[in-house]
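Peer 1: Prediction below, plus the sequence it came from.
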Amino acid sequence: MPLIAHTKLPSFERLRNEGETVLSKDRANHQAIRELHIGLLNMMPDPALEATERQFFRLVGHSNQIAQFYLHPFTLSSIKRGEKTQAHINQYYQSFDDIKMQGLDALIITGAHIEDVDLKKAPFYEQLKAVIDWSYSHVTSTLCSCLATHAVLEFRYGQKRQAIGKKCWGVFPHQVLDRHHPLMNGVNTRFDVPHSRFNEITKAQFDTVKVKVLVEGKIGAHLCVSEDLLRIVFFQGHPEYDTISLLKEYKRDIIAYLEKTREDYPPFPQRYLTEQSKAILNEYKTKLLSGEFTLADFPEQLISKTLNNTWGNATNVIINNWIGCVYQVTHEDIDKPFMDGINPDDPLNLK
């Protein structure tokens, strides 16, 4: 939670100039202290749907031990679901109409498994556009993950994503470019991020439309913010991933190969597995393809014990900062995105 500059102590101003969040006493007196309502538009495929729920719920829940959060999952009816997953959605998810009626303070939009570079071929294209259009005028801040980032860049900025030729897959190092933005408070200047995508929005595309890049790596921009510096937050990677997420994805790709829905046996995700784990998985591949092993023999438990998580701490801090920024400027009335006196074009007063 932010500090309150309730006296003229010089340290308050010094900390503010260094990028720390310090509110004036007047601003604090006008800040509504209430629960936050956060939507989760979950577009992930059936095998990852519930895991994605838990990942984002966990991140939000860990972000602040004082504030109370109501999380509202929903999805798009144009995404085909299996019987079991549809039953889960029917029982536990809200409809977008319900979401619009009740209102949200913030919204998280997940990625989705669409490999084709042309987003217009996605069955949910129009429904996703409707959610994004609504959120911009009704929600304080929307956080977009992977494909959702690509969709917003196309819908709002006219920037179409670019194919990268092969799957960008693994855990990659990144560098903070702007250390003074409130989202970066307390974040290590270098940290890793998992990626899993076939397409990208290039840094040049972000720069062209004045979307500010806060974090990038050799594989491109990862964390960016809209030109107002808060209302849309863009992740191009998957910082919400659990330690084991890429291993489970690797297993799903093996299944796809065996079911002949992909042509090649999947390569290893980069910078994720130890050399010993690679050797174990190569032996498994040989025995699987010879018929000696089956999917039941996949060494998931053995490999999972060797995996490192080098992104979780940074992700927790970033999400905590995002929630804090939303809390500072959202209106007490959930139907209004900003409290009175906040400039929607510069809600954090950073320009």
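Peer 2: Everything's here; your move.
Peer 1: Could you pull out the buried residues of the helix or strand harbouring His88?
Peer 2: Per DSSP states H and E, His88 falls inside helix 83-92. Under the neighbour-count criterion of 16 or more other CB atoms under 10 Å, helix 83-92 has 85-86, 88-89 buried. (Glycine included, C-beta is placed from N, CA and C.)
Peer 1: Show me what the following helix or strand past that helix packs onto, helices and strands only.
Peer 2: Downstream of helix 83-92, the next assigned helix or strand under DSSP H and E is helix 96-102. Judged by 3 or more CB pairs under 8 Å, 6 or more residues apart in numbering; DSSP states H and E, helix 96-102 is in contact with strand 69-74, helix 125-138.
Peer 1: While we're on the most centrally placed residue in the chain, how confident is the model there?
Peer 2: Residue closest to the mean C-alpha point of the chain, counted by CA atoms, centre = their mean, is Ser145 at 3.6 Å. Ser145 is assigned 96 on the pLDDT scale.
Peer 1: you'd agree it is up against Leu223?
Peer 2: No. Ser145 is beyond contact range of Leu223, at 10.9 Å (criterion: CB atoms under 8 Å).
Peer 1: Give me the common contacts of these two.
Peer 2: Phe235 (CB atoms under 8 Å, 6 or more residues apart in numbering).
Peer 1: what's the domain layout of the protein?
Peer 2: Here the domain parsing of the chain from automatic domain parsing is 31-241+311-329, 245-304.
Peer 1: Work out the gap between the first one and the centre of the chain.
Peer 2: Right, domain 31-241+311-329. 4 Å (CA atoms, centre = their mean, to the nearest Å).
Peer 1: before we move on, what about stretch 281-288?
Peer 2: 33 Å.
Peer 1: would you list every one of the strands in the stretch 201-350 of the chain?
Peer 2: With DSSP state E, counting those that start in this stretch as the criterion, the stretch 201-350 of the chain has strands at 212-217, 220-225, 232-235.
Peer 1: Any chance of a markdown table for those, columns mean neighbour count, distance to Lys278 and mean pLDDT?
Peer 2: Shown next, in a markdown table, are the strands of the stretch 201-350 of the chain (neighbours: other CB atoms under 10 Å; distance: least, CB to CB, whole Å; pLDDT from 0 to 100):
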| stretch | mean neighbour count | distance to Lys278 | mean pLDDT |
| --- | --- | --- | --- |
| strand 212-217 | 20 | 22 | 98 |
| strand 220-225 | 25 | 25 | 97 |
| strand 232-235 | 26 | 28 | 98 |
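Peer 1: so which of these comes closest to Phe198?
Peer 2: strand 220-225 (13.0 Å; CB to CB).
Peer 1: for this structure, which spans come out with low pLDDT?
Peer 2: By pLDDT under 70, the low-scoring segments of the chain are 1-3, 30-33, 65.
Peer 1: how many other residues sit next to Ile342?
Peer 2: Applying other CB atoms under 10 Å, we find 19 residues neighbouring Ile342.
Peer 1: could we number from 11 for the rest of this?
Peer 2: Will do, 11 is the new start, and the previous item becomes Ile352.
Peer 1: What is the burial count for Phe182?
Peer 2: Based on other CB under 10 Å, the number of other residues close to Phe182 is 20.
Peer 1: residues touching the nearest residue to Phe106 once chain neighbours are set aside, list them.
Peer 2: Nearest residue to Phe106 in three dimensions, chain neighbours excluded: Phe84, at 5.8 Å (CB to CB, 6 or more residues apart in numbering). Residues near Phe84 by CB under 8 Å, 6+ apart: 49-52, 103-106, 108-109.
Peer 1: thinking again about what came up before, kindly present the helices and strands packed on helix 106-112 as a markdown table, with separate columns for distance to His191.
Peer 2: A markdown table is the format used below for these (distance: least, CB to CB, whole Å):
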| stretch | distance to His191 |
| --- | --- |
| strand 79-84 | 23 |
| helix 135-148 | 20 |
